[in-house]
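Asker: Just to be clear, the model below is a prediction. Sequence and coordinates:
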Amino acid sequence: MLPATLRKSSVDRNPKDITSLRWLAWCFGRRGVVSMEVGNTKEAIDFFEQGLDIYQKLSDSDPSNTADRENLTWYTDQIKAAKTNP
């Protein structure tokens with residue numbers, strides 16, 4: 001949990017820091033995966049949605065960035081999978 005807290009603090013200090021935003025989204029994604037592994041689907045969806053929100057903003061701000069769009073797709077797929085896996 002500490003890395004996500006540190007990343008959140010970094011983003012709070014500088015909300016336009018793209019690198020910190022990507023790392024924070026990664027932390028949410030990782031926490032979502034771990035939550036799925038232990039059977040906490042609701043928590044996983046919450047984490048995936050937080051990561052999705054970040055990548056949606058990043059993709060909107062730079063539509064030419066294919067890596068951000070791919071990550072956006074990954075988060076969307078994770079949410080769909082979590083919702084179909086009770």
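Answerer: Arrived safely.

Asker: And the pLDDT for Phe28?
Answerer: Looking at Phe28, its pLDDT stands at 94.

Asker: The protein: helices as residue ranges?
Answerer: With DSSP state H, the ranges of helices along the chain come out as 2-13, 18-37, 41-61, 66-84.

Asker: residue closest to the middle of the protein?
Answerer: By Cα atoms, centre = their mean, the mean C-alpha position of the chain lies nearest to Gly51, the distance being 1.7 Å.

Asker: if I read this right, that one contacts Asp77, doesn't it?
Answerer: No - contact between Gly51 and Asp77 fails when scored by Cβ atoms under 8 Å: they sit 11.8 Å apart. In short, each C-beta sits where N, CA and C put it, glycine included.

Asker: which residues touch Glu43?
Answerer: When the contact criterion is Cβ atoms under 8 Å, 6 or more residues apart in numbering, the partners of Glu43 are Gly32, Ser35.

Asker: show me where pLDDT drops low in this structure?
Answerer: Counting by pLDDT under 70, the chain contains low-confidence ranges at 1-15, 86.
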